[in-house]
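Novice: okay, sequence plus prediction incoming.
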Amino acid sequence: LKIASWAALALGSIYLIVVHLVPALSDQMAELIPPEAEIAMGEEMVDDFARLLSRFEDPNFCSTPDGDRALAAMVAQFDAGDEVYIPLTVRVLDNKMINAFALPGGQIVLFKGLIDAADTPEEIAGVLAHELGHVVNRDPTRLTLRAAGSAGLLGLLLGDFPGAGVSVALSEALLRSGYRREAEAAADDYANAALSAQGLPTKPFAGFFRKLEKKVGETPEILSHLSTHPDLGGRAEKAERADQIGDKPFTPVISDQQWVALQAICG
């Protein structure tokens with residue numbers, strides 16, 4: 001009976017640590033991770049993550065001089081202000097999925113399939129701003145800390161990223177994880193506000209949701225690998241309500257020439 005009691009207490013303690021303590025500590029400690037440690041973590045993880053999403057093939061990050069300049073011009077529209085606390089690294093992965101993801105350390109990856117599916121650069125700008133919202137709110141870092149567990153939490157807090165082997169394990173764990181709906185809603189709010197602040201309409205972002213809803217239905221992994229998204233129709237309505245441009249003219253997020261270059265960035 002004593003052994004059974006101690007075993008039950010041990011299992012109960014493990015449950016409390018895994019289910020309650022580690023997530024709570026992760027949320028608190030995400031704000032305390034040194035920027036250099038977070039950057040190292042993201043740089044270590046991004047290739048592993050892309051490889052997993054590419055079914056273990058070596059990932060091909062697209063690059064052309066004109067395409068890189070076009071992407072940089074789009075990123076520059078949003079990469080400003082004190083809220084962007086860390087340098088951004090935004091790349092395009094040669095993958096047909098309609099997808100994008102953000103990792104710790106300001107790492108944002110857009111998929112070629114996402115660019116191919118868009119009719120206007122403002123649609124891509126909305127997705128980029130959404131992922132930037134996750135970066136600003138440190139959502140990828142919180143998820144990574146939860147996946148790292150209590151030992152990894154302490155190491156990352158002290159600026160010691162565990163290394164390549166652990167990077168693969170963390171990447172796999174993140175693929176099985178998901179943002180909370182509150183985090184998704186906050187990232188959407190950030191995107192709509194960021195677009196409006198740049199004098200851009202949010203209706204193209206809403207239209208992209210509508211397009212995806214018709215094409216693939218309510219499939220959860222649409223814009224981000226890490227989330228169980230709210231319904232696409234509801235997100236589209238929210239973006240439509242946030243629009244401050246309407247039928248008024250606006251300056252495109254990038255020029256027509258830059259948009260063509262971005263569409264051709266993977267050759």
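Specialist: Nice, I can see it. Numbering: from 1, shown residues only.
Novice: count of neighbours near R181?
Specialist: As a burial measure, R181 scores 12 neighbours (other Cβ atoms under 10 Å). Using the backbone N, CA and C atoms, a C-beta is placed for each residue, glycine as well.
Novice: err, A76, not the other one
Specialist: A76: 12 neighbours (other Cβ under 10 Å).
Novice: same question for R241.
Specialist: 10.
Novice: and the gap between it and I3?
Specialist: 60 Å (Cβ to Cβ, to the nearest Å).
Novice: now swap in A193 and tell me
Specialist: Taken as Cβ to Cβ, the span from A193 to I3 is 57 Å.
Novice: of these two, who's got more company?
Specialist: A direct count of neighbours by other Cβ under 10 Å for A193 and I3 places A193 higher, at 14 against 7.
Novice: what helices and strands are in contact with the helix or strand in which the more buried one is found?
Specialist: Using DSSP states H and E, A193 maps to helix 181-197. If contacts are counted by 3 or more Cβ pairs under 8 Å, 6 or more residues apart in numbering; DSSP states H and E, helix 181-197 sits against helix 121-136, helix 203-216, helix 232-242.
Novice: low-confidence ranges, the stretch 101-250 of the chain, go.
Specialist: Within the stretch 101-250 of the chain, the stretches with pLDDT under 70 are 147-178, 215-230.
Novice: what is the neighbour count of R55?
Specialist: Neighbour tally, R55, other Cβ under 10 Å: 7.
Novice: hang on, it in a strand?
Specialist: No. According to DSSP: H, G, I helix; E, B strand; the rest coil, R55 belongs to no strand; its state is coil.
Novice: which residues touch it?
Specialist: By Cβ atoms under 8 Å, 6 or more residues apart in numbering, R55 lies in contact with nothing.
Novice: model confidence for it, exactly?
Specialist: Here the pLDDT value assigned to R55 is 70.
Novice: against T64, how distant is it?
Specialist: Taking Cβ to Cβ, one finds R55 at 25 Å from T64.
Novice: ok, now F111?
Specialist: For F111, the distance to T64 equals 17 Å [Cβ to Cβ].
Novice: so which residues of the chain form strands?
Specialist: 61-62, 89-93, 100-103, 107-111 (DSSP state E).
Novice: just the ones you listed: most buried one?
Specialist: With neighbours taken as mean count of other Cβ atoms under 10 Å, the strands of the chain reach their highest mean count in strand 100-103, at a mean of 27.
Novice: per-residue pLDDT, V260?
Specialist: 98.
Novice: got a list of what it touches?
Specialist: No residues are in contact with V260 under the rule Cβ under 8 Å, 6+ apart.
Novice: kindly reformat the strands of the chain as a markdown table containing distance to F208.
Specialist: Shown next, in a markdown table, are those (distance: least, Cβ to Cβ, whole Å):
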| stretch | distance to F208 |
| --- | --- |
| strand 61-62 | 20 |
| strand 89-93 | 17 |
| strand 100-103 | 11 |
| strand 107-111 | 13 |
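Novice: dump the helices and strands packed on helix 181-197 to CSV, plus distance to A264.
Specialist: As requested, these are exported to CSV (distance: least, Cβ to Cβ, whole Å):
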stretch, distance to A264
helix 121-136, 13
helix 203-216, 20
helix 232-242, 27
